[in-house]
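Peer 1: Need a 3D model of the following:
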Amino acid sequence: MSADMWSHNPASNYTPGIRLIGFKVEASDGHIGKIDEHTEDVDASYVVVDTGPWIFGKHVLIPAGAIVRIDVTDEKVFISLTKDQIRDSPEYDREKHRGDATYRGLLDQYYGHDHS
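Peer 2: Residues are numbered from 1 along each chain as shown. Prediction:
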């Protein structure tokens, strides 16, 4: 993932103000869940995905830079990560991790390395 992983990719069709909550999320190798929350913070944008029963209700925070394309008509968000990368990512707990610099550093380290 690029060094600018916390910003939306201009090619993704992201438009500020778009409401992504409820959109289905497609990893590079299949469906992984739905968006539970998202931010538009400058240099700190992300989506939180509820993976549902796929990995037992785990929530994962995915940097906006992983979004490859947004299909507003079908309400789908396509990301550059694989199911394995998402399953193995640090779990997100809204109460503990929102605004936590240490957690963000953990994500920088996890998503900043090539896991393919």
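
Peer 1: quick one, what contacts Lys58?
Peer 2: Thr51, Arg87, Glu91 (CB atoms under 8 Å, 6 or more residues apart in numbering). Bear in mind the C-beta positions are built from the backbone N, C-alpha and C, glycine included.

Peer 1: which among those end up buried?
Peer 2: Thr51 (16 or more other CB atoms under 10 Å).

Peer 1: Centre of the chain to the longest helix anywhere in the chain, how far?
Peer 2: Longest helix of the chain, by residue count under DSSP state H: helix 101-112. Centroid separation for helix 101-112 versus its chain: 13 Å, with CA atoms, centre = their mean, to the nearest Å.

Peer 1: Buried residues, it. List them.
Peer 2: Buried residues in helix 101-112 (16+ other CB under 10 Å): Tyr103, Arg104, Leu107, Tyr111.

Peer 1: Give me the pLDDT value at the first one.
Peer 2: So the one you mean is Tyr103. What the model reports for Tyr103 is a pLDDT of 94.

Peer 1: got the residue ranges for the strands in the chain?
Peer 2: Listed in chain order, the strands of the chain (DSSP state E) span residues 24-27, 30-38, 46-50, 59-63, 67-71, 76-79.

Peer 1: counting contacts, what elements does the longest one pack onto?
Peer 2: The one in question is strand 30-38. strand 24-27, strand 46-50, helix 83-87 (3 or more CB pairs under 8 Å, 6 or more residues apart in numbering; DSSP states H and E).

Peer 1: how many neighbours does Asp93 have?
Peer 2: 12 (other CB atoms under 10 Å).

Peer 1: Relative to Val72, how far out is the nearest residue to it once chain neighbours are set aside?
Peer 2: Distances taken as CB to CB, 6 or more residues apart in numbering put His59 closest to Asp93, at 7.4 Å, once the chain neighbours are dropped. To Val72, His59 is 23 Å away according to CB to CB, to the nearest Å.
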